[in-house]
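>>> Sharing a model prediction with you, sequence too.
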Amino acid sequence: MTAAPSSTASEILDVAEALIQTRGYSAFSYQDISDALGIRKASIHYHFRSKAELAAAVVDRYAARFSAALAGIAANPRKSSLAMLDQYMAPYFEFSKSPDKVCLCGALAGEMMALPGAVRTRVEAFFEEHQQWLARILQRGVERGEFVLSSRPARMARMIFGALQGALLVKRTTGDASQLADVAAALKAQLRPAR
């Protein structure tokens, strides 16, 4: 069992997460974290020896929060599959309220080839987990007579995930707050209820 990070380590992770979500991996430094927290860079290196180690820890923590949330959403057998998808989309809408924040792993994916291998692997695993979860919820919807899909669940899951991630990036670029809402509405319109 991994020990909980110290208060300073948690603050470092918080700042690093926000910097990656708004600037990306390549555009932040330990100096940025030092300035934000008023601590020396040596203090950051004490907790995270390298930027790659820090980024891996940020992704691990972010992915663990999402994994727990996905498990919680899927745990309620009385909830409709569409309600589960609405819950899944909620964090995307939270991100869209910021002028520049996107999904952490979406931000990292934009510079995938520049990332250390351990961080790339974690981003890939995050994407795979989300697409598999979405496919299971879509399949559940079909089995319960809630959805009639135009394609198999795994393919629809890829479309939903890619569209949500892309909508955040376009929203950040254009500043158009309706971007994500329009995409989410169009995606849900594809999930026709069974007749």
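Received the coordinates, thanks. Numbers count the residues shown, from 1 in each chain.
>>> tell me the phi and psi of Val148?
With angles defined as degrees, to the nearest 10, Val148 sits at phi -120, psi 110.
>>> Hmm, it is touching Arg192, no?
Yes: under the criterion of Cβ atoms under 8 Å, Val148 makes contact with Arg192 at 4.8 Å. To be clear about C-beta, it is placed using only N, CA and C from the backbone, and glycine gets the same treatment.
>>> pLDDT weak spots in this protein?
Applying pLDDT under 70 to the chain flags residues 1-5, 194-195.
>>> redo that, cut-off 90
1-6, 177, 190-195 (pLDDT under 90).
>>> May I ask you to name the longest helix in it?
helix 117-143 (DSSP state H).
>>> how close does the residue minimising distance to the centre of the chain sit to Val59?
Residue closest to the average C-alpha location in the chain (Cα atoms, centre = their mean): Cys103, at 4.2 Å. The gap separating Cys103 from Val59 is 11 Å, by Cβ to Cβ, to the nearest Å.
>>> for Ser178, same thing?
Noted for Ser178: a distance of 30 Å to Val59, by Cβ to Cβ.
>>> neighbour count winner among those two?
Per other Cβ atoms under 10 Å, whichever of Ser178 and Val59 has more neighbours is Val59, with 24 against 11.
>>> wait, what's in contact with that one?
Leu104, Cys105, Leu108, Val119, Arg122, Val123, Phe126 (Cβ atoms under 8 Å, 6 or more residues apart in numbering).
>>> Of these, select the buried ones using a PyMOL command.
Buried residues within those, by 16 or more other Cβ atoms under 10 Å, are selected in PyMOL with:
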select buried, resi 104+105+108+119+122+123+126
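>>> could you dump the contacts of Val59 to a markdown table with distance to Gly162?
A markdown table is the format used below for those (distance: Cβ to Cβ, whole Å):
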| residue | distance to Gly162 |
| --- | --- |
| Leu104 | 16 |
| Cys105 | 13 |
| Leu108 | 15 |
| Val119 | 20 |
| Arg122 | 19 |
| Val123 | 14 |
| Phe126 | 14 |
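>>> of all the contacts of Val59, which comes closest to Ala186?
Cys105 (22.7 Å; Cβ to Cβ).
>>> Would you confirm that that closest one belongs to a strand?
No: secondary structure of Cys105 (DSSP: H, G, I helix; E, B strand; the rest coil): helix, not part of a strand.
>>> ok, now which ones touch it?
So Cys105 contacts Val59, Tyr62, Ala63, Arg122, Val123, Phe126, Phe127 (Cβ under 8 Å, 6+ apart).
>>> Name the pair among the residues you listed with the greatest separation in space.
Farthest-apart pair in those is Tyr62 and Phe127; separation 12.6 Å (Cβ to Cβ).
>>> Does anything pack onto the longest helix of the chain? Which helices or strands?
The helices and strands touching helix 117-143, judged by 3 or more Cβ pairs under 8 Å, 6 or more residues apart in numbering; DSSP states H and E, are helix 51-74, helix 81-96, helix 104-109, helix 153-174.
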